[in-house]
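> Here is my input, please return the structure:
(one chain, ligands or ions: 1)
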Amino acid sequence: MQDFVYLLKGRDFIREVAVACPKCKAKALVSGGEPDKMLAEYEHKVHFSCPTCHYFLKYTNTPKFRVYTNKRGQNISSRLLMLNSPCDPFFGFEVWYQIDTQNGLLWAYNLEHLVLIENYIAKRQSNCVGLPFDNNSRSYRLIQGVLDVKNRETILKTIQRVKKT
Ligand SMILES: [Zn+2]
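The predicted structure follows:
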């Protein structure tokens, strides 16, 4: 069951996120994420780089959002992670590994994440009950749907193809 828990906690895979470069659409990388630390501790390390067009961005150059106003009336701002959606959690660029299924979009932050999803789909029998799940019930329902569909083989073949991109 451990793998399923990981599947839903995409946060564990934020060290290196494969994305589509917003400028040239080639495969590029957002790196520097540290799943076990507070964002403020590592945000200076996070950056985007595209090996094809050499577009480069530092996360610390992105704007902060006002999170709240403290008792002394000071505005406290921070950068916020965009988790649980098919984009990198820092810049919001579209993830590279995406697979359309009739139940919704399967997506992964990187190859390791995709292989884990693949193994999960390959190993599980349909209609598993009692799966542990995160608070992200949309992913839960999606995975349940993928396990239930008759074209599970097709999805696995598509994953094979996407892995090579
Ligand atoms: Zn590029």
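> Return the residues of this structure in contact with the ion.
21, 23-24, 26, 50, 52-53, 55 (CB under 5 Å from the ion). C-beta here means a position set from N, CA and C on the backbone, and glycine is covered the same way.
> now, which of these sits nearest residue 72?
Nearest to residue 72, judged by CB to CB, of those is residue 55 at 40.4 Å.
> Let's see the pLDDT reported for the closest one.
pLDDT for residue 55: 98.
> Residue numbering should commence at 832 henceforth.
Yes, from this point I'll number from 832; that puts the last item at residue 886.
> residues contacting it?
Residue 886 sits next to 852-855, 859, 879-880 when contact means CB atoms under 8 Å, 6 or more residues apart in numbering.
> Repeat that for residue 926.
Going by CB under 8 Å, 6+ apart, residue 926 touches 848-851, 917-919, 938-940.
> same question, residue 877
Residues near residue 877 by CB under 8 Å, 6+ apart: 861-864, 889-891, 921.
> and if we set it to 7 Å?
Residue 877 makes contacts with 863-864, 890, 921, as judged by CB atoms under 7 Å, 6 or more residues apart in numbering.
> Could you dump those residues into JSON lines with distance to residue 949, secondary structure and pLDDT added?
Below are the contacts of residue 877 laid out as JSON lines (distance: CB to CB, whole Å; DSSP: H, G, I helix; E, B strand; the rest coil; pLDDT from 0 to 100):
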{"residue": "863", "distance to residue 949": "26", "secondary structure": "coil", "pLDDT": "97"}
{"residue": "864", "distance to residue 949": "22", "secondary structure": "coil", "pLDDT": "96"}
{"residue": "890", "distance to residue 949": "29", "secondary structure": "helix", "pLDDT": "96"}
{"residue": "921", "distance to residue 949": "25", "secondary structure": "coil", "pLDDT": "96"}
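> which stretches of this protein aren't confidently modelled?
Within the chain, the segments meeting pLDDT under 70 span 832-840, 955-975, 979-981.
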